[in-house]
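Asker: Please work out how this folds:
(2 chains)
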Amino acid sequence: MAQAVADHPVTEQSGTNYINAQRGILSWLLTVDHKRIGLMYLVSTTIAFALGGFFALMLRLELLTPRKTFMDAATYNQAFTLHGAIMVFLFIIPAIPGALGNFVLPIMLGAKDVAFPKLNLLSLYLYWTGAIFTLSSLVTGGLDTGWTFYVPYSATTGTAVVKVTLGVFIIGFSSILTGLNFIVTVHKLRAPGVSWFRLPLLVWALYATSVVQILATPVLGITLVLLMMERVLHIGIFDPTLGGDPVLFQHFFWFYSHPAVYIMILPGMGIISEIIAVHAKRRIFGYKAIAFSSMAIALIGFLVWGHHMFVAGQSQLAATIFSFLTFLVAIPSGVKVFNWLLTLWRGSISYRTPMLFALAFMFLFTIGGLTGLFLGMLSVDMHLHDTYFVVAHFHYVMMGGTVVAFIGGLHHWWPKITGKLYSEKLGAASAALIFIGFNATFFPQFILGARGMPRRYYNYLDQFQPLHQFSTVGSWIIGLGMLVVLYNLLSSLRSGASAPSNPWGGRSLEWQTASPPVTENFEVAPKVTHGPYDFSTESQ
Amino acid sequence: MSTAETTARGGEQPALSPQFHVAHHFDSADTQFDAGRMGIWLFLVTEVLLFGGLFCAFAIFRSWYFDSFVEAHHHLDKVMGAINTVVLITSSLTMALAVRSAQQSKKELTAILLALTLACAATFLCIKYVEYSHKFHEGLLPGKWFSAVGFHTAHPGVFFAIYFMMTGIHGLHVVIGMILISWILKRTMKGEFSSRYYAPVEGVGLYWHLVDLIWIYLFPLLYLVG
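Answerer: Residues are numbered from 1 along each chain as shown, chains lettered A, B, ... in the order given. Now for the predicted structure:
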């Protein structure tokens, strides 16, 4: 383990930190400490991820053969719906802002807490409440609409649509409140010397994410209210037999859910900026370009929702405009990737676990991003729409991108969060397993999709079987990699070495306080006199 | 520190409290007030987008079923709608004056003005109740519940779906507003607010103005232009 020198060595503290400052279950349930709330988010979202992952493995297992393998078709429909709904609403959207964001954002600003600590706790409780509603569908008839809840089917199916949409509605409030809290915190609680351009890039990314959360989520909220009304009272806004418009639902839904894609990926990009700069000991290349590209992605992201509906009967003019705007998003995304690459160039790269995940991210996200351009092109999308190509594309972005970034970030800040060092060997092994397993699972799906395999199908043509089997075996490798991550991190709590305050030699504020930090984050109020990436290696 | 946070919550002492406790994570009371104000404004943005979806649905269906919207809107009671508009604008005035008097540490006047605002809100809801009963009685209802006779255009049920969703969700906001106003009225009577600390009055005031503003759009769109 490389032992880097902290630039403001922290005096060994008296042994109290945010974890052992107070004891008892109530001290956790009633806490307003952003770090404790972050930790509870981490545990909750990890459980959600495990559950969603379980459904994913079951789906892949069922697809081992072209016909029934072990579950019937109705169960299969419920499994893919719950996989999607749990992963999107209970894991990816809340995970990075809720867990890592809550933990590091105030510390990065030099603040003692977020601006509204009680509201922060309320966010967590709303998340739990929404999760209970969503998961209660598991025992009350399941859900088989797909995570998108498209009408008219969602207004007529016999499964638990209202419970899940109510759950998602409540989680939406949680998301809004987290976003609101972060924006006000960034504006009002920066320590002396932390100017806007001295903010670590994760903060910029979380800020951009929060803007999207605040502007997009209310529209999902009203959409779900209308859907519940449609289903319970048949008010006729979405039901075509009563004069309503199911395509309006799709517009409303994607007006939220496309920007939501950026709620998912932007924090991941922020994490990658941190990891790459710190583990390459290199001032980030194009700081402002990365910061502004986050904002650009957040804003342009609001104008592209129509690309989910190229075959839903929207006008050709609208489709063409949406197609062009979609290509536009590629520019800020590309700006980021090139800046990361140039940061690595001539950096002193250490291949620790976070860096391995960051490199995997760059590879996988680039494939995911570029295949998004195929889908943004009207003529190509006519062919690829609703095929496995789309499935592979968004898994490369959401899992190869966000999940890999999340795991990388988790390793990066694990010493800070827990005060323990994990095993780099196991870390490297898990990164390799996940990278190999991921590509084995999803690359064949590009080919399947290009050959016409539709998504969400229970049976398929015999000729697709070899690629499906390849993909299923890949999913087992990912599963194994995830177990190694879990084992590595959890066993570090028991037997890991104590972490120094600054194990990687980072320059941002979270590395200038103890590991784990004290309750109000800093022993002495921090004053910042340098940027977050001004490494001593470059001072000459 | 969580206890510090709890006691900071408005310094629950009786007297007008210039010695309001600053929450542990803010460097000054002013920063704390600024943060609260910004939080309220951001919350109002989310409200605008929530209603934005409904306004959008209104625009789309109005262009689809223009004749039907024109025919259906004649069944709304313009007089009651207009009275309600006046009532809500009056309540905005009393609310604004309440914030002003709270800033001037005039406890009794603030309480009276808040009570007047509450009375206006209640009047609004009563009139709305009368309107709703008429609609229910005549079968002017959303979607499959629409049973009024004598309509010449298709899908008037869509108009009433939009009408009930928009005014219903707005009405819910009025109810929530009344709860909030009652809460600050109680705190006013306890003497918690002063020229130094009036943030909750101001925050609830901002929310109330937004609720009024939404009605000021709803009234002409639904009642007057169809």
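Asker: Would you list the phi and psi of A:Pro454?
Answerer: phi -80, psi 150 (degrees, to the nearest 10).
Asker: Identify the residues contacting it.
Answerer: Listed by Cβ atoms under 8 Å, 6 or more residues apart in numbering or on different chains, the contact partners of A:Pro454 are A:386-388. No exception for glycine: its C-beta is placed from N, CA and C like everyone else's.
Asker: Just the buried ones from those, in PyMOL syntax?
Answerer: Burial among the contacts of A:Pro454 is assessed by 16 or more other Cβ atoms under 10 Å in any protein chain shown; the matching PyMOL selection reads:
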select buried, chain A and resi 387+388
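Asker: mind putting the contacts of A:Pro454 in CSV, pLDDT, distance to chain B and secondary structure included?
Answerer: Formatted as CSV, the contacts of A:Pro454 follow (pLDDT from 0 to 100; distance: Cβ to the nearest Cβ, whole Å; DSSP: H, G, I helix; E, B strand; the rest coil):
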residue, pLDDT, distance to chain B, secondary structure
A:Asp386, 95, 25, coil
A:Thr387, 97, 30, strand
A:Tyr388, 97, 32, helix
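Asker: my read is A:Val114 is in a helix, agree?
Answerer: No: assessed with DSSP: H, G, I helix; E, B strand; the rest coil, A:Val114 is coil; it does not lie in a helix.
Asker: Count the neighbours of it for me.
Answerer: 29 (other Cβ atoms under 10 Å in any protein chain shown).
Asker: for the helix or strand hosting A:Val232, packing partners?
Answerer: For A:Val232, the element it lies in under DSSP states H and E is helix A:201-233. The criterion is 3 or more Cβ pairs under 8 Å, 6 or more residues apart in numbering or on different chains; DSSP states H and E, and the helices and strands that helix A:201-233 contacts are helix A:102-109, helix A:153-156, helix A:161-188, helix A:246-279, helix A:287-300, helix B:29-64, helix B:156-189.
Asker: which one of the ones you listed has the lowest average pLDDT?
Answerer: Mean pLDDT across the helices and strands packed on helix A:201-233 is lowest at helix A:153-156; the value there is a mean of 91.
Asker: Now do that helix: which elements does it pack against?
Answerer: helix A:201-233.
Asker: run the last query once more with 10 Å
Answerer: helix A:161-188, helix A:201-233, helix A:246-279 (3 or more Cβ pairs under 10 Å, 6 or more residues apart in numbering or on different chains; DSSP states H and E).
Asker: what angle sits between the second one and helix A:102-109?
Answerer: Okay, so that is helix A:201-233. 140 degrees (axes from the mean of the first three to the mean of the last three Cα atoms, to 10 degrees).
Asker: Give me the buried stretch members for helix A:201-233, please.
Answerer: Under the neighbour-count criterion of 16+ other Cβ under 10 Å, helix A:201-233 has A:201-231 buried.
Asker: go on, stretch B:187-196?
Answerer: Here stretch B:187-196 shows B:188, B:192-194 as buried, counting by 16+ other Cβ under 10 Å.
Asker: start to end distance for it?
Answerer: End-to-end distance for stretch B:187-196, by Cα to Cα, to the nearest Å: 15 Å.
Asker: and that stretch, anywhere near chain A?
Answerer: No: for stretch B:187-196, no contact with chain A is found by Cβ under 10 Å from any Cβ of the partner chain; the gap never falls below 16.9 Å.
Asker: how far out from the middle of the chain is that stretch?
Answerer: 23 Å (Cα atoms, centre = their mean, to the nearest Å).
Asker: Then stretch A:488-507?
Answerer: On Cα atoms, centre = their mean, the centre of stretch A:488-507 falls 23 Å from the chain's centre.
Asker: likewise stretch A:54-64?
Answerer: In terms of Cα atoms, centre = their mean, the centre of stretch A:54-64 is found 22 Å from the chain centre.
Asker: Then stretch A:487-501?
Answerer: The chain centroid and the centroid of stretch A:487-501 are separated by 24 Å, computed with Cα atoms, centre = their mean.
Asker: go on, stretch A:500-519?
Answerer: The chain centroid and the centroid of stretch A:500-519 are separated by 24 Å under Cα atoms, centre = their mean.
Asker: Quick check: end-to-end length of that stretch?
Answerer: End to end - Cα to Cα - stretch A:500-519 spans 18 Å.
Asker: returning to what we had before: in JSON lines, list the helices and strands packed on helix A:153-156 along with distance to B:Met38.
Answerer: Putting the helices and strands packed on helix A:153-156 into JSON lines (distance: least, Cβ to Cβ, whole Å) gives the following:
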{"stretch": "helix A:161-188", "distance to B:Met38": "5"}
{"stretch": "helix A:201-233", "distance to B:Met38": "12"}
{"stretch": "helix A:246-279", "distance to B:Met38": "21"}
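Asker: What ranges does the stretch 401-540 of chain A have for its helices?
Answerer: Under the criterion DSSP state H, counting those that start in this stretch, the stretch 401-540 of chain A contains helices at A:404-418, A:424-450, A:465-495.
Asker: possible to save those helices as CSV with mean pLDDT, distance to chain B and mean neighbour count?
Answerer: As requested, the helices of the stretch 401-540 of chain A are exported to CSV (pLDDT from 0 to 100; distance: least, Cβ to the nearest Cβ, whole Å; neighbours: other Cβ atoms under 10 Å in any protein chain shown):
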stretch, mean pLDDT, distance to chain B, mean neighbour count
helix A:404-418, 97, 19, 26
helix A:424-450, 98, 32, 20
helix A:465-495, 97, 25, 17
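Asker: Can you check which of those helices gets nearest to B:Ala57?
Answerer: Closest to B:Ala57 of the helices of the stretch 401-540 of chain A, according to Cβ to Cβ: helix A:424-450, at 33.8 Å.
Asker: Give the other helices and strands that the closest one contacts.
Answerer: Packing partners of helix A:424-450 (3+ Cβ pairs under 10 Å, 6+ apart): helix A:353-376, helix A:378-384, helix A:388-397, helix A:404-418, helix A:465-495.
Asker: Of the ones you listed, which is nearest A:Ser430?
Answerer: Nearest of these (Cβ to Cβ): helix A:465-495, 3.9 Å.
Asker: list the helices and strands that closest one packs on?
Answerer: Short answer (3+ Cβ pairs under 10 Å, 6+ apart): helix A:465-495 packs on helix A:34-62, helix A:353-376, helix A:388-397, helix A:404-418, helix A:424-450.
Asker: hmm, 7 Å instead?
Answerer: helix A:34-62, helix A:404-418, helix A:424-450 (3 or more Cβ pairs under 7 Å, 6 or more residues apart in numbering or on different chains; DSSP states H and E).
Asker: before we move on, back to that, buried deepest among the helices and strands packed on helix A:201-233, which one?
Answerer: Comparing the helices and strands packed on helix A:201-233 by mean neighbour count (mean count of other Cβ atoms under 10 Å in any protein chain shown), helix A:102-109 ranks first with a mean of 27.
Asker: CA atoms only: put that one into PDB for me.
Answerer: Listed next in PDB are the C-alpha coordinates belonging to helix A:102-109 (Å, rounded to 0.1, in the frame of the first residue of the first chain):
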ATOM      1  CA  ASN A 102     -24.000  12.700   1.100                       C
ATOM      2  CA  PHE A 103     -20.700  11.500   2.700                       C
ATOM      3  CA  VAL A 104     -18.200  13.500   0.700                       C
ATOM      4  CA  LEU A 105     -19.900  16.600  -0.600                       C
ATOM      5  CA  PRO A 106     -20.100  18.600   2.600                       C
ATOM      6  CA  ILE A 107     -16.500  17.500   3.500                       C
ATOM      7  CA  MET A 108     -15.300  18.600   0.100                       C
ATOM      8  CA  LEU A 109     -16.800  22.000   0.700                       C
END
